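Chemist: turn this into a structure:
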Amino acid sequence: TQQQTQQPTTTQQQTTTQQQTTTQQQTATQQQTTPPPPVATLRSASVAVRGGLPRLTVTLSRRTALRVTLSRRAGRRWRSLGSARLAGAAGRTTLRLPRRVTGRRLLPGRYRLVVTAGAERRTIVFRVR
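Modeler: Numbers count the residues shown, from 1 in each chain. Predicted structure coming up:
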């Protein structure tokens, strides 16, 4: 009876070991075949100001959300005016900054716009005359 009891246990252990090996092989295969998700790259960014209203032109490799932060030069420091999240399409896109970022038309002075897309970040310093 002891031999009969040990045989099913040995068979169960072999089956469990085979299942674990199969699961590990499947996981390894999935990791090899799954490409990393594409990351949006910020190829270029520029600002044009007309009538005190800034327009941001960006070129993106794919559609992604942009984080835009606007600051104004105050003496030697930069004073934050606000930030917003904007949707950017793939390719070249021109976006108006929303009023909640600017608050109003920009007064003459120096400004800094920080644009973040994914892990990339660009800082644009411009002047309103």
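Chemist: would you state the helices of the chain in chain order?
Modeler: Applying DSSP state H to the chain gives helices spanning 2-33, 99-102.
Chemist: so which elements touch the shortest one?
Modeler: Packing contacts for helix 99-102, counted by 3 or more Cβ pairs under 8 Å, 6 or more residues apart in numbering; DSSP states H and E, involve strand 64-74, strand 77-88. Using the backbone N, CA and C atoms, a C-beta is placed for each residue, glycine as well.
Chemist: buried residues in the shortest one?
Modeler: The neighbour-count check on strand 64-74 (16 or more other Cβ atoms under 10 Å) flags 64, 66, 68, 69, 70, 71, 72 as buried.
Chemist: for residue 118, state which of these is nearest.
Modeler: Nearest to residue 118 among these, counting by Cβ to Cβ, is residue 64 at 5.9 Å.
Chemist: correct me if wrong: that closest one contacts residue 40.
Modeler: Yes: Residue 64 is within contact range of residue 40, at 3.7 Å (criterion: Cβ atoms under 8 Å).
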